[in-house]
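Asker: A structural model of the following input is requested.
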Amino acid sequence: MSNPLQYAGLFLIGVLAGEELIVRYGLHPALSRLDDHAHLLARQALVRRLRVLVPIVMLPAVALAAAVLVVATGPGLALRWATLIAMVTFLLLSFLGTVPINIKVDGWQADAPPPGWQAVIARWARIDVLRSTAATAAFLFAVLAVAQAN
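Answerer: As a prediction, the model looks like this:
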């Protein structure tokens, strides 16, 4: 039988995965079509907004994934582990990859970005593909764990 924590975790991981997919495959391709100045202003606005919103979902989602691993019993143990591993991967890619880049980008002057700024954005995008994939995988594993437990 599923634990209520599994449902709460499933909800938050689903919200996180959805947000990550929209940002990765919706917002950022649109940003790349803007002129450089508008692109940087929009990217900075997103950084400022998402650096508040994403942790509100991300941190409790990781905590719930860990809690579920401890308290849930029955079928789905491997999937609960996979969920937590995917969430930890997401955290590491965030804090070691995209967050430091976001901090840099937020400090740039949109009228005079630093030389090579496009390469920094391209690096961010490569890391973000991995991040959004990790969040999506965590959601898939969490869904399968709940289904297996029922």
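Asker: so how far is Ala65 from Asp10?
Answerer: Not quite, residue 10 is Leu, not Asp. 10 Å (CB to CB, to the nearest Å). Where you see a C-beta, it was placed from the backbone N, CA and C, and this is true even at glycine.
Asker: poorly predicted segments of the protein, please.
Answerer: In the predicted model, the chain carries pLDDT under 70 at residues 1-2.
Asker: give me the number of residues near Ile22?
Answerer: The number of residues packed near Ile22 is 12, by other CB atoms under 10 Å.
Asker: same thing with Arg48?
Answerer: 11.
Asker: show me what contacts it?
Answerer: By CB atoms under 8 Å, 6 or more residues apart in numbering, Arg48 lies in contact with Asp106.
Asker: what do you get for Val99?
Answerer: Counting by CB under 8 Å, 6+ apart, Val99 has contacts Arg51.
Asker: chain center to the helix or strand hosting it: distance?
Answerer: In the assignment (DSSP states H and E), Val99 maps to helix 99-107. Relative to its parent chain, helix 99-107 has a centroid offset of 16 Å by CA atoms, centre = their mean, to the nearest Å.
Asker: mind listing what's buried in it?
Answerer: Buried residues in helix 99-107, counted by 16 or more other CB atoms under 10 Å: 99, 101-102, 105.
Asker: what do Leu10 and Ala65 both touch?
Answerer: Common contacts of Leu10 and Ala65 (CB under 8 Å, 6+ apart): Ala142.
Asker: neighbour-wise, which of the two wins?
Answerer: Neighbour comparison, Leu10 and Ala65: the larger count goes to Ala65, with 28 against 22 (by other CB under 10 Å).
Asker: contact partners for the more buried one?
Answerer: By CB under 8 Å, 6+ apart, the contact list for Ala65 reads 9, 13, 80, 83-84, 87, 138, 142.
Asker: CSV please, covering those residues and showing neighbour count, distance to Ala61 and secondary structure.
Answerer: CSV is the format used below for the contacts of Ala65 (neighbours: other CB atoms under 10 Å; distance: CB to CB, whole Å; DSSP: H, G, I helix; E, B strand; the rest coil):
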residue, neighbour count, distance to Ala61, secondary structure
Gly9, 31, 6, helix
Ile13, 30, 5, helix
Arg80, 25, 13, helix
Thr83, 32, 10, helix
Leu84, 21, 10, helix
Met87, 28, 6, helix
Ala138, 29, 8, helix
Ala142, 31, 9, helix
